[in-house]
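Q: Have a look at this fold, sequence not included:
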């Protein structure tokens, strides 16, 4: 079974890679999401996504306990919201192939965020 620490590290890596791609190459990310000619607003939104994603990913790797715990709480809320958004995207006109990809990525990240949560001591 995947340990909480390994889940946290894997989630951080996914976040940093995906966020870095959105920051560095938003047109490429937009194309992977089905937009061959993204608007300026789409590119802007992808960069915002990228910043948020990288920062939470880096905080997940920090040794500072309170910062890491806050990042874990934020990651769970962010990924659960992302999963909901991905599920609704398919119903709102995002092509099925792209919606399924978003749902799979967001769902995996939500599961990792859940698994990465610290165990409560009794």
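A: Looks like it came in fine. The model shown is predicted, which means the values in this text are computed figures rather than measured ones.

Q: Make sure residue 82 is actually in contact with residue 109.
A: Yes - if you go by Cβ atoms under 8 Å, residue 82 and residue 109 touch, sitting 6.9 Å apart. Placement of C-beta: from N, CA and C, glycine included.

Q: Comparing those two, which shows the higher neighbour count?
A: Using other Cβ atoms under 10 Å as the criterion, residue 82 and residue 109 rank with residue 109 on top: 23 against 20.

Q: Helix or strand for the nearest residue to the more buried one once chain neighbours are set aside, just tell me which one.
A: For residue 109, ignoring the flanking residues on the chain, the nearest one in space by Cβ to Cβ, 6 or more residues apart in numbering is residue 79 at 4.3 Å. Residue 79 is part of helix 65-91 when elements are defined by DSSP states H and E.

Q: Based on its surroundings, how many neighbours for residue 15?
A: Quick note: residue 15 (other Cβ under 10 Å) scores 28 neighbours.

Q: For the residue positioned nearest the centre of the chain, which non-adjacent residue is spatially closest?
A: For the chain, the residue nearest the mean C-alpha position is residue 15 (5.3 Å; Cα atoms, centre = their mean). With sequence-adjacent residues excluded and distances taken as Cβ to Cβ, 6+ apart, residue 15 is closest to residue 57, at 3.2 Å.

Q: same thing with residue 8?
A: Here the residue nearest residue 8, using Cβ to Cβ, 6+ apart, is residue 116, at 3.8 Å.

Q: Which strands or helices does the helix holding residue 79 pack on?
A: Here helix 65-91 touches helix 4-24, helix 40-61, helix 96-116, going by 3 or more Cβ pairs under 8 Å, 6 or more residues apart in numbering; DSSP states H and E.
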